[in-house]
Structures are given as C-alpha cells and as structure tokens.
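Trainee: Quick one: sequence plus predicted model below, questions after.
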Amino acid sequence: MTRAYEQLSEGPQTGLNINDLSYAERGLVRKIKVQQSSTVTNDHSEGRFATVFYLEGDEREAAETFVAEHSDRLEEINFSKRNVIQTSVSQHIYDWILHATGERELTKHETVVLEKRSDGTRWIIDREQYETSPNRRYSISEQYAVRMDGLSVSTVFHAHEDAIAESDLENCDAIAGEIRYLLEYFRVEESLECRPVSLEGEMAVQKPE
C-alpha cells in the first residue's frame, strides 16, 4: 500500500498526485472535479476548484471536504439554478454538497428520505425513487413524494393528539402529494413515538396512550 493510499484511507484529500498511487489503487479512487464551463451562466466565481480525491463509500465526507475547501466561492453560487457544480458531479455527490452547504439537509431512512430546504420547504420522498430517479424526485403527481411548505415534520406530528390518519392531513393547504409518505416518516423516525395502524381502512399512526 502506498503512502498516498494510506492518506485516502484516512479521509478525502486535495492536492493528491495520482501518480503516487499504484495502478491497482488508482482503480479504487474517485474524485470530485468541477469542470468550468462557459455555458453555465450562473457561475460568478473566478479560478479553478481544487479536485477532491476519495475512496468509494466516502462520498459524504468528500462533499464536506469540497465545501470546506471552497466555502467562500460557493457563497457566490445560486444553488436554486443550474450551476457549474451541478453540471460537473453526480447527483449523489451534489446532494451531499447541498447538505454540507446548508442549502438542503438530508435525513435518510430505509424507506423514505426527508429533504429540508433553506426556504422552509420539506420533501419526503420514497427512498428508491430518490436514489434511482433523481430527475423525477420532486413531483407530487407521480405519487412518490409529499411536499410541505413552511411546516416541519415535528410540527405536523405534534399538532394531533392521538391517532393521525390520511384524511387528517389531506385538507391541510401546506401539504401536497402522497400523504402516506409523511405517515411513513412518522413511523420510521425514532424521535416521533408512534406505531402504524389502520383506521376505517385508512393508513394511520397511533401515538402511545
């Protein structure tokens, strides 16, 4: 094992010389590399972004390293629009970069993903849809997600005393989409104590008495 690979084993690195790795080691290394492009108009930064090298499985740590390395420059980018970061990296890495910048906060469970945005919007999305169809995540018409505008999951949960059924949430103007994913999040989130039940044929959760 080379010294360069040992360093990568300790965490993502910038300034790595790929030639310091053995041929076999190079095949195990991934990188965050931003390609400057004149076709992306939402890029007001100057100079190049340092490449972050990492090992597979360290994607979140690599994104955090990238953000720490370029914190000042990232403040100049409007992440609500197509930008040079988004067009250079995979959606999975971009998700963690947004998380590290505070633009979005991700909480992943086995069945659902909660995405909190800096504007107060919350999305709860089917986990498989989130991971495999990133371009179709944010649609309330495809029945794989629910959106909450200006409401937190905790606020909605604690607004009801005992059981919470689908019909209890359907008439809330701030909630749109597939309600069952909000109920599923109630079920899997450890800080929200409840159990799944059926009430008059509706999906629901029951709080402890």
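Mentor: Nice, thanks for sending it over.

Trainee: Wait, R147 touches I140, no?
Mentor: Yes: R147 is within contact range of I140, at 5.8 Å (criterion: C-beta atoms under 8 Å). Placement of C-beta: from N, CA and C, glycine included.

Trainee: Can you work out which residues contact both of those two?
Mentor: Jointly contacting R147 and I140 under the rule C-beta atoms under 8 Å, 6 or more residues apart in numbering are 176-177.

Trainee: more neighbours, those two?
Mentor: R147 (21 against 14; other C-beta atoms under 10 Å).

Trainee: Within the sheet, what are the partner strands of the strand or helix carrying that one, with directions?
Mentor: R147 is part of strand 145-149, with elements assigned from DSSP states H and E. Under the criterion DSSP bridges, strand 145-149 sits next to strand 121-126 (antiparallel), strand 175-177 (antiparallel) in its sheet.

Trainee: tally of neighbours for P134?
Mentor: With other C-beta under 10 Å as criterion, P134 counts 14.

Trainee: Quickly note the distance from the nearest residue to it once chain neighbours are set aside to T14.
Mentor: Among residues not flanking P134 along the chain, Q91 sits closest, at 4.0 Å (C-beta to C-beta, 6 or more residues apart in numbering). Computed as C-beta to C-beta, to the nearest Å, the Q91 to T14 distance reads 22 Å.

Trainee: Between those two, which is the more surrounded one?
Mentor: Legend: neighbour count by other C-beta under 10 Å for Q91 and T14, higher for T14 (16 against 13).

Trainee: Which residues are in contact with the more buried one?
Mentor: Applying C-beta under 8 Å, 6+ apart, we find T14 in contact with 50-53, 65, 69.

Trainee: what ranges do the strands span in this structure?
Mentor: Here the chain has its strands, by DSSP state E, at 13-14, 29-32, 52-55, 104-108, 112-117, 121-126, 145-149, 163-165, 175-177, 195-199, 202-206.

Trainee: Report the two of the contacts of T14 separated the most.
Mentor: Greatest spatial distance among those (C-beta to C-beta): F53 and E69, at 11.9 Å.

Trainee: Which one's more surrounded, these two?
Mentor: Higher neighbour count among F53 and E69: F53, with 23 against 18, using other C-beta under 10 Å.

Trainee: wait, that one sits on R30?
Mentor: Yes: under the criterion of C-beta under 8 Å, F53 makes contact with R30 at 7.4 Å.

Trainee: what residues are shared contacts of those two?
Mentor: Joint contacts of F53 and R30 (C-beta under 8 Å, 6+ apart) do not exist.

Trainee: Can you report how many residues lie near the residue nearest to E103 when sequence neighbours are not counted?
Mentor: Computed as C-beta to C-beta, 6+ apart, the closest residue to E103 that is not its neighbour in sequence is F79, at 4.8 Å. If you count neighbours by other C-beta under 10 Å, F79 ends up with 19.

Trainee: count of neighbours near A24?
Mentor: With other C-beta under 10 Å as criterion, A24 counts 9.

Trainee: Can you name the residues that contact it?
Mentor: Contacts of A24 by C-beta under 8 Å, 6+ apart: none found.

Trainee: Please report the distance of it from Y5.
Mentor: Distance of A24 to Y5, computed by C-beta to C-beta: 9 Å.
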